[in-house]
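1. got a sequence here, can you model it:
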Amino acid sequence: MTELKHPSKIRIIEPLLTLVVFGVAAIYMLNVFNTGNWFWFRGTTTEINPSRIVIVENGERTLLQPGAANFETISMAVQDSLAKFSNSDLINIGLSEQTMQDYESESLIVESLFPPLKKTPKVCQACGNQVG
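-> The predicted structure is shown next:
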């Protein structure tokens, strides 16, 4: 009959290391699926000035354009808040239609409208022609 022997060395490092690697991989993949971006950890915010700012206060809309009073101050505040934006939330939380109606009629909303981004054309390094 075979006799079971106690291991001479208890192995703790390997299971612990496996658990840590699995945990990191799970968190990484969760963020990949949530953001749709394999490089979600890289900062991709760009500094773009809004072309217009619409302020809705108690249902009254005010349009601010570059050169208007307080446009630069509000524009800098918008850029500052968007620079800290993180898209690694586990779920997408949106506002219901009722909430949006309440905001538009009873609250203060600041809408920032940005010009469309222009894509930089890719240039072939060998011949200098545009590709894509």
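2. where along this protein do the strands fall?
-> 52-57, 60-64, 108-113, 122-123, 130-131 (DSSP state E).
3. packed most tightly, which of these would that be?
-> A comparison of those by mean neighbour count, using mean count of other Cβ atoms under 10 Å, puts strand 52-57 on top with a mean of 16. Bear in mind the C-beta positions are built from the backbone N, C-alpha and C, glycine included.
4. who are the packing partners of that strand?
-> strand 60-64, helix 71-83, strand 108-113 (3 or more Cβ pairs under 8 Å, 6 or more residues apart in numbering; DSSP states H and E).
5. if you set the cut-off to 6 Å instead, what comes out?
-> Secondary-structure packing of strand 52-57 (3 or more Cβ pairs under 6 Å, 6 or more residues apart in numbering; DSSP states H and E): strand 60-64, strand 108-113.
6. weakest of these by average pLDDT?
-> Mean pLDDT values for these show the minimum at strand 108-113, a mean of 85.
7. in its sheet, what does that strand sit against?
-> The partner list of strand 108-113 in its sheet, established with DSSP bridges, is strand 52-57 (antiparallel).
8. list the contacts for Ile48?
-> When contacts are counted by Cβ atoms under 6 Å, 6 or more residues apart in numbering, Ile48 touches Phe114.
9. now Ser8
-> Residues in contact with Ser8 (Cβ under 6 Å, 6+ apart): none are found.
10. change the start of the numbering to 710 and stick with it
-> I'll keep to 710 as the first residue from here, and by that count the last item is Ser717.
11. now do stretch 768-786: distance to the chain's middle.
-> Counting by Cα atoms, centre = their mean, to the nearest Å, stretch 768-786 is centred 24 Å from the centre of its parent chain.
12. much appreciated, bye for now.
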